[in-house]
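> sequence unavailable; structure follows:
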């Protein structure tokens, strides 16, 4: 009986939730746990951008926006609870920031007709819009990331890496396992030797992995890490005096919070970049004026201008642009999640759009189409300067190797379609 | 006044040995069952099913399983997460290998597979006891998770290492997959939870349950009076693992739909289920329900109060949750070491005398 009473009390509280009329963007954030160091800046950036739109422009198309934050702690079960509790509130697009939760939401959100934007993470084969109607992973996918990293190594070595040894240190989860297949295919093409080293959640213990790296002396180490795993890996690499310029992280392993704990040891560490780092953009003047100075900043307000804060801004910007597109297509300002999905599928980002939004020369230009949800597939490489405590971009946009990735995407999405009886769209 | 044995005459032996000897208790039990089976399915929505009721029912089955092993037989186990993983992966392999067989049978078979694995890992319990056994089961936990991560056959060679539940129906109604209606998934789990609870209750008050309790209370004395420790301990491991396996299968197939073994069935799951039976009450079937409800509903309740009602920042609420739940666990251990079930027992004693306690 106790159970029933408690549940009744909860239902009474649920009924007393806030009224809804705004454009609602749920944010499944994590400000606690082993991944908080990376979750906080992203969540702050995402929230601050929508606050800016409300304060400066009065929302999007005249309708105010609302960010519905729900703490997941990077935990799948809590993520499901968050999804179920927010989906009824008119949530337009989900941004889970966790590959595990994305895998949960792909079938659920598709059934509920709500789009998911797993920006540069999640299931890579969702880039095939013919199969995954409600999942978007623009501007680039994990497999693009793997290919971009290899292309960078090729550039450094004058185009020949046959016989080189490359090790992959990865988070032992769906996230970390994503690039393995691509790296194996690429190793056939380029003739390098691949070693994979799994690091278990949460990633604080990596002594044995780095001991193995020390013993086998790979020429390059790639990393698919997140949260506390990044900091530990960079510290361990510094401890064994691994040449940092040969250590390349994915774009989720390249924020200030990852390299700062290792101090000078992290100097020269490289990571991929989805967009340019730094805070030298006109948008920060507006943020200063309308958000920070007005005391409306999210969180502790100490994350601005960092890589992941910028990525949060970028994610929110892409969501807002897709909303504008959706409003234009639907002819109404108060759009539904289904219209939002149409907007995301018709999204076009050009250099001019980005400049107009106060982020000139920030991210790549790309176009989303019915069959292509993966964006440009472009990335840069950034390098950490420990004395100046800044990331500096060292390459131009690098294109991923489509000839390898596209067949893999087709193969994996076809397997998913066969498992779940999904017919191809967009034909 | 209403809650007493007086006036309720048993005329047959089965009547004399029924689970609820007090008439009021019996009717309350029927009312709860009727409410759960006949009322809730009509009121339930996705949120209620996926955020509260499914995890509650599934954790209850796991807690019943662990309670048999730890609460009744006295063998401390930290391998619950690993055994749930066995259930989940067995269910997945069966579902994909024999798509034409009913999911109902697959879940039971998954429990059977887990029982076999449980017996295997229970063998050391014949030689080692207490903390040492806990460490041996901890090894099972880590070994099983490692195994499911390591051997691609278990996840059908999928690129991400995840297992995904294909759509399956019971009587023509979907129970797995994203389109399954909330009431169907709820009913499926409710049937299993009810059957498991009835089965466990009747096992624990029969011969086999008494031999478990004898082993728990003093194994040497039990051996001297003729309880065979080999069969008692191994049957406890087998039955316990069966329930845990069923819960793992339901956790994967019905509740989550996609599972990543390291994250979902890690060591923290073993601890969570152990906390459930400690808070609920060791050696009590009601305790399994109470403990699961406490640890599933309370965090959601605190979140709803803190975030939705009071509008506090989500991280503060998450931290307060840790503080409150931690404090409550300590309070329970100090004030009522026998758990919620003991509180319920005391209430019943008081009810018997009410309203004339003297």
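Sure thing, it's come through. Every value quoted in this text rests on a predicted model; they were computed, and no experiment measured them.
> surely residue A:380 is in a strand?
Yes: Residue A:380: assigned to a strand according to DSSP: H, G, I helix; E, B strand; the rest coil.
> residue contacts, the nearest residue to it once chain neighbours are set aside?
Of all residues beyond its chain neighbours, the one nearest residue A:380 is residue A:273 (4.5 Å), with distances taken as Cβ to Cβ, 6 or more residues apart in numbering or on different chains. The way it works is simple: take the backbone N, C-alpha and C, and place the C-beta from them, glycine included. With contact set as Cβ atoms under 8 Å, 6 or more residues apart in numbering or on different chains, residue A:273 has these partners: A:251, A:254, A:307, A:379, A:380, A:381, A:382, A:391, A:393.
> what subset of those is buried?
Members of the contacts of residue A:273 that pass the buried threshold by neighbour count (16 or more other Cβ atoms under 10 Å in any protein chain shown) are listed as A:251, A:254, A:307, A:379, A:380, A:381, A:382, A:391.
> between those residues, which is closest to chain B?
Nearest to chain B, judged by Cβ to the nearest Cβ, of these is residue A:251 at 18.7 Å.
> phi and psi next, for that closest one.
Here the main-chain torsion angles of residue A:251 (degrees, to the nearest 10) amount to phi -60, psi -10.
> before we move on, back to that, next, the residue nearest to residue A:380: phi, psi?
phi -130, psi 130.
> do you know the pLDDT at it?
Per-residue confidence for residue A:273 comes out at a pLDDT of 93.
> hmm, residue A:398 is touching residue A:377, no?
No: counting by Cβ atoms under 8 Å, residue A:377 is not a contact partner of residue A:398; they are 9.5 Å apart.
> and residue A:75, how far is that from residue A:39?
From residue A:75 across to residue A:39, the span is 12 Å (Cβ to Cβ, to the nearest Å).
> and the two? which has more neighbours close in?
Comparing residue A:75 with residue A:39 by neighbour count (other Cβ atoms under 10 Å in any protein chain shown), the higher total belongs to residue A:39, at 27 against 21.
> list the contacts of the residue of chain B found nearest chain A.
The minimum distance from chain B to chain A, using Cβ to the nearest Cβ, falls at residue B:315 (3.4 Å). Listed by Cβ under 8 Å, 6+ apart, the contact partners of residue B:315 are A:31, A:32, A:36, A:40, A:71, A:299.
> and if we set it to 6 Å?
Residues in contact with residue B:315 (Cβ atoms under 6 Å, 6 or more residues apart in numbering or on different chains) are A:31, A:32.
> then it would be within a helix, right?
Yes: residue state for residue B:315 (three-state DSSP) corresponds to a helix.
> how close does the closest residue to chain B within the stretch 151-300 of chain A sit to residue A:80?
Closest approach between the stretch 151-300 of chain A and chain B, counting by Cβ to the nearest Cβ: residue A:174, at 4.0 Å. Residue A:174 sits at a distance of 15 Å from residue A:80 (criterion: Cβ to Cβ).
> over to residue B:178?
Relative to residue A:80, residue B:178 is positioned 11 Å away (Cβ to Cβ).
> looking at the two, which is more packed in?
For residue B:178 against residue A:80, the residue with the higher neighbour count under other Cβ under 10 Å is residue A:80, and the figures read 22 against 18.
> phi, psi for the more buried one please.
Reported as degrees, to the nearest 10, the phi and psi values for residue A:80 are phi -60, psi -40.
> now do the same contact list for it.
Neighbour list for residue A:80: A:104, B:50 [criterion: Cβ under 6 Å, 6+ apart].
> which pLDDT value goes with it?
The model reports residue A:80 with a pLDDT of 90.
> repeat that for residue A:11.
Note for residue A:11: predicted pLDDT of 47.
> in space, what's closest to residue A:365 - neighbours in sequence excluded?
That would be residue A:350: by Cβ to Cβ, 6+ apart, it lies 4.9 Å from residue A:365.
> need the distance between the two termini of stretch A:49-67.
Distance between the boundary residues of stretch A:49-67 (Cα to Cα, to the nearest Å) amounts to 10 Å.
> tell me if it is near chain B.
No: no part of stretch A:49-67 sits near chain B under the criterion Cβ under 6 Å from any Cβ of the partner chain; the closest distance found is 10.9 Å.
> in that stretch, what's buried?
Going by 16+ other Cβ under 10 Å, stretch A:49-67 has these buried residues: A:49-55, A:59-61, A:63, A:65-67.
> need the residues you listed in JSON lines with secondary structure and pLDDT, can you?
Shown next, in JSON lines, are these (DSSP: H, G, I helix; E, B strand; the rest coil; pLDDT from 0 to 100):
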{"residue": "A:49", "secondary structure": "helix", "pLDDT": "95"}
{"residue": "A:50", "secondary structure": "helix", "pLDDT": "95"}
{"residue": "A:51", "secondary structure": "helix", "pLDDT": "95"}
{"residue": "A:52", "secondary structure": "helix", "pLDDT": "95"}
{"residue": "A:53", "secondary structure": "helix", "pLDDT": "95"}
{"residue": "A:54", "secondary structure": "helix", "pLDDT": "94"}
{"residue": "A:55", "secondary structure": "helix", "pLDDT": "93"}
{"residue": "A:59", "secondary structure": "coil", "pLDDT": "91"}
{"residue": "A:60", "secondary structure": "strand", "pLDDT": "93"}
{"residue": "A:61", "secondary structure": "coil", "pLDDT": "90"}
{"residue": "A:63", "secondary structure": "strand", "pLDDT": "92"}
{"residue": "A:65", "secondary structure": "strand", "pLDDT": "94"}
{"residue": "A:66", "secondary structure": "strand", "pLDDT": "93"}
{"residue": "A:67", "secondary structure": "strand", "pLDDT": "93"}
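> from those residues, pick the one nearest residue A:403.
Of all the buried residues of stretch A:49-67, the one with the least separation from residue A:403 (Cβ to Cβ) is residue A:49, at 36.2 Å.
> flag every residue of chain B that's near chain A.
In this structure, chain B approaches chain A at residues B:46-47, B:50-51, B:159-162, B:178-179, B:258, B:260, B:262-263, B:293, B:297, B:301, B:304, B:308-309, B:314-315, B:318, judged by Cβ under 6 Å from any Cβ.
> can you say which of those residues are buried?
Applying a neighbour-count criterion of 16+ other Cβ under 10 Å, the buried members of the residues of chain B next to chain A are B:46-47, B:50-51, B:159-162, B:178, B:258, B:260, B:262-263, B:293, B:297, B:301, B:304, B:308, B:314-315, B:318.
> name the residues that touch the helix or strand where residue A:167 lies?
Element membership of residue A:167, judged by DSSP states H and E, is strand A:165-171. Outside strand A:165-171, the residues within contact range by Cβ under 6 Å, 6+ apart are A:176, A:192-197, A:199, A:213, A:218-226, A:229, A:233.
> more neighbours: which of residue A:398 and residue A:377?
When residue A:398 is set against residue A:377 and neighbours are counted by other Cβ under 10 Å, the residue ahead is residue A:377, at 26 against 20.
> in helices, which of the residues of chain B next to chain A appear?
Of the positions in those, B:46, B:47, B:262, B:263, B:293, B:297, B:301, B:314, B:315, B:318 sit in helices, assigned by DSSP state H.
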